[in-house]
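Asker: My questions are about this predicted structure, shown below with the sequence.
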Amino acid sequence: MQVSINVNGEQRSHEVEDRTLLVQYLRDDCGLTGTNIGCDTTSCGACTVLLDGESVKSCTVLAAQADGHQVTTIEGLADGDELHPMQRAFQRKHGLQCGFCTPGMVMASVSLIEENPNPTEAEVRAGLEGNLCRCTGYHNIVEAVLSAAEEKQGAAE
Amino acid sequence: MIPAAFTYKKAGSVEEALSLLAEHGDDAKLLAGGHSLLPLMKLRLAVPEVLIDLGGLHELSYVREDGDEIRIGALTRHHDLEHSELLAREVPLLAHAAGTIGDPQVRHRGTIGGSLVHGDPASDLPAVALALDAVLVAQGPSGRREIPATEFFTDFFETALGEDELLVEIRVAKNPAQGWDFQKFTKRAIDWAVVGVAVAGDRVALVNMGPAPMRARGVEEALASGASPAEAAERAAEDTSPPDQASATADYRKHLAKVLVRRALEAAAARRA
Ligand SMILES: Cc1cc2nc3c(=O)[nH]c(=O)nc-3n(C[C@H](O)[C@H](O)[C@H](O)COP(=O)(O)OP(=O)(O)OC[C@H]3O[C@@H](n4cnc5c(N)ncnc54)[C@H](O)[C@@H]3O)c2cc1C
Ligand code: FES
Ligand code: FES
């Protein structure tokens, strides 16, 4: 089937098998390998992307379900050389170790802050429930998200 | 893991979904949020030849007030239940329980209709629908019919919905004055409940205590005859047959059900006061 998806602001059209998963489509058809596949069973969140602005696990969405919609991956966050505030916060707070979970963590965090601009630490921890870090660097990840939220609040005032 | 090959069809209307269902019969499966079905298809535990996507039926995504009732479209996502101000005010049990499902990503995709039709005894919303005495509205080739939640969940992953029918709406009475509570015991993040309890007024329902989601009739009887929460909770394991697994034995779950029912009844009483 033909799918037409706006990926990172660019309209893309591809012929894919009906059973193609969104994560496969992004990695194999679009060549956007920033989105990782960890568990492949909807558990780890490594494959998290934004679908119409909301976090989803792209290993459990069909490319066909995203047809006509907007997808944002980790590659779509930065504005040229200017990193997204959430990416900067992960850098500033050292919110990564091996980096495997990071694209999914960052995308889930962007969605979290969008829905809850001023989260408590407990809300950040609950909001990242669907993302596992095998290096268990949760402490600094939570710090990064809180820091990004603070920065955004400051900018809004 | 990739599902076995299938033909994808997108339904543009309820009527089109029904006619695709009639055309393809047993070979077809309906797809809502896909967060129960796609994992099964990736494991090849479900191998439909035709997948009928309901995702475009935005007319089935709503939470609406209608007199003394709240009507919820079957395609309403867990996330939208969780954040509905109308539900928070009129049916807080449903908004709260929806917010405990899986994780935010799962709640952005999963729907109330999919949760109910899937009929998993470990799922949260079937027990909530039972406690709320919800009415489920099915639409088939010969029109609409209403099925009380108490008659909907028939067996392990089995419901009263016909093969040629769609679940289109869930109706619940407004119940803000009633005490309510939802208890869910999990071992890890994201997990399904080891045991769960939904309380709405004098109705009590259990998650994961038998092949199908069920009401705790013994507890309800005890409450009706004036028992205290602690006394009534002692009857929580009556007529149950919970799964017996190394991770949680049947005896453990029966004990847990009593503890959680007591907590839920006490919390519900505190909310009513
Ligand atoms: C990681 C993870 C964690 C989860 N944790 C929980 C949890 O803690 N608690 C919980 O309750 N659930 C949990 N779930 C399940 C989740 O809530 C699912 O979204 C839900 O059970 C199914 O809804 P869906 O819209 O995704 O349905 P789908 O997967 O699309 O469909 C499920 C079934 O229902 C049928 N169907 C769907 N809609 C209709 C309709 N309108 N009419 C007729 N048939 C229909 C489909 O044909 C299919 O057989 C979890 C899922 C995942 C992946
Ligand atoms: S790869 Fe999708 S959740 Fe783990
Ligand atoms: S940084 Fe290594 S998995 Fe999270």
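Answerer: All right, it came through fine. Ligands and ions are numbered 1, 2, ... in the order given.

Asker: name the element B:T154 belongs to?
Answerer: Per DSSP states H and E, B:T154 falls inside strand B:153-155.

Asker: Pairing partners for that strand, with directions?
Answerer: strand B:158-159 (antiparallel) (DSSP bridges).

Asker: Not counting the strand it pairs with itself, show me its contacts.
Answerer: B:L116, B:V117, B:G119, B:F152, B:F153, B:A212 (CB atoms under 8 Å, 6 or more residues apart in numbering or on different chains). C-beta here means a position set from N, CA and C on the backbone, and glycine is covered the same way.

Asker: need the helices for chain A, in chain order.
Answerer: For chain A, applying DSSP state H gives helices covering A:22-24, A:85-92, A:102-115, A:121-127, A:138-156.

Asker: what's in contact with the third one?
Answerer: Meaning helix A:102-115. A:34-36, A:38, A:44-50, A:53-55, A:72-74, A:77, A:84, A:86-87, A:90, A:95-96, A:119, A:124, A:127-128, A:130-131, A:133, A:141, A:144-145, A:148-149, A:152, B:104-105, B:108.

Asker: Which members of these occur in strands, if any?
Answerer: A:T48, A:V49, A:L50, A:E54, A:S55, A:T72 (DSSP state E).

Asker: Next one, pLDDT for the spatially closest residue to the first one that is not a sequence neighbour please.
Answerer: In this case it means A:T48. Leaving out its chain neighbours, the residue that sits closest to A:T48 by CB to CB, 6 or more residues apart in numbering or on different chains is A:G104, at 3.9 Å. Model confidence at A:G104, given as pLDDT, is 98.

Asker: neighbours of A:G104, just the number please.
Answerer: Close neighbours of A:G104, defined as other CB atoms under 10 Å in any protein chain shown, add up to 29.

Asker: Kindly report the domain assignment for chain B.
Answerer: The record's domain parsing of chain B by the TED database lists B:7-53, B:58-173, B:180-272.

Asker: Please report how far the residue lying closest to B:S241 once chain neighbours are set aside lies from ligand 1.
Answerer: Among residues not flanking B:S241 along the chain, B:G210 sits closest, at 4.9 Å (CB to CB, 6+ apart). To ligand 1, B:G210 is 16 Å away according to CB to the nearest ligand atom, to the nearest Å.

Asker: so is B:G210 in a helix, a strand, or just coil?
Answerer: At B:G210 the chain is in coil, as set by DSSP: H, G, I helix; E, B strand; the rest coil.

Asker: Next one, pLDDT for B:H35 please.
Answerer: So B:H35 comes in at 98 (pLDDT).

Asker: just to revisit the earlier point, give me the phi and psi for the residue nearest to B:S241.
Answerer: phi -180, psi -180 (degrees, to the nearest 10).

Asker: Next: B:R263.
Answerer: Per degrees, to the nearest 10, the backbone of B:R263 is at phi -60, psi -40.

Asker: In this structure it contacts B:Q183, no?
Answerer: Yes. B:R263 lies in contact with B:Q183 (CB atoms under 8 Å); the separation is 5.5 Å.

Asker: Give me the more crowded residue out of the two.
Answerer: Ranked by neighbour count (other CB under 10 Å), B:R263 and B:Q183 place B:Q183 first, with 22 against 17.

Asker: Helix or strand: which one has the more buried one?
Answerer: With DSSP H and E as the criterion, B:Q183 is inside strand B:180-185.

Asker: re earlier: make JSON lines from the ones in strands among the contacts of helix A:102-115 and add pLDDT, neighbour count and distance to B:V63 to it.
Answerer: Shown next, in JSON lines, are those (pLDDT from 0 to 100; neighbours: other CB atoms under 10 Å in any protein chain shown; distance: CB to CB, whole Å):
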{"residue": "A:T48", "pLDDT": "98", "neighbour count": "33", "distance to B:V63": "26"}
{"residue": "A:V49", "pLDDT": "98", "neighbour count": "30", "distance to B:V63": "27"}
{"residue": "A:L50", "pLDDT": "98", "neighbour count": "23", "distance to B:V63": "24"}
{"residue": "A:E54", "pLDDT": "98", "neighbour count": "18", "distance to B:V63": "18"}
{"residue": "A:S55", "pLDDT": "98", "neighbour count": "31", "distance to B:V63": "22"}
{"residue": "A:T72", "pLDDT": "98", "neighbour count": "21", "distance to B:V63": "27"}
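
Asker: Check the residue in chain B that chain A sits nearest to and give its pLDDT.
Answerer: Closest residue of chain B to chain A, CB to the nearest CB: B:D103 (2.8 Å). At B:D103, the predicted lDDT confidence score is 97.

Asker: if I pick it, what's in contact with it?
Answerer: By CB under 8 Å, 6+ apart, B:D103 lies in contact with A:G45, A:E129, A:G130, A:N131, B:A189, B:I190.

Asker: what's the spacing between it and A:N6?
Answerer: 25 Å (CB to CB, to the nearest Å).

Asker: Grab the nearest non-local neighbour of A:T72.
Answerer: A:L50 (4.0 Å).

Asker: meant to ask about B:I72, not that
Answerer: B:I170 (4.5 Å).

Asker: Next, count neighbours for that neighbour.
Answerer: Using other CB under 10 Å: B:I170 sits among 24 other residues.

Asker: so who does the closest residue to B:D164 other than its chain neighbours touch?
Answerer: Sequence neighbours aside, B:G140 is the residue nearest to B:D164 in space, at 5.2 Å (criterion: CB to CB, 6+ apart). Neighbour list for B:G140: B:L18, B:G162, B:D164, B:E165, B:L166 [criterion: CB under 8 Å, 6+ apart].

Asker: and with 7 Å instead?
Answerer: Contacts for B:G140 (CB atoms under 7 Å, 6 or more residues apart in numbering or on different chains) come out as B:L18, B:G162, B:D164, B:E165.

Asker: ok, now B:N208?
Answerer: B:P121, B:A122, B:A193, B:V194, B:V195, B:G196, B:P242, B:P243.

Asker: Adjacent strands (with direction) for the helix or strand where B:G196 lies?
Answerer: For B:G196, the enclosing helix or strand under DSSP H and E is strand B:195-200. Here strand B:195-200 has these sheet partners by DSSP bridges: strand B:180-185 (antiparallel), strand B:203-207 (antiparallel).

Asker: Out of those, which is closest to B:P39?
Answerer: B:P39 sits nearest to strand B:203-207 of all the strands paired with strand B:195-200, at 19.1 Å, using CB to CB.
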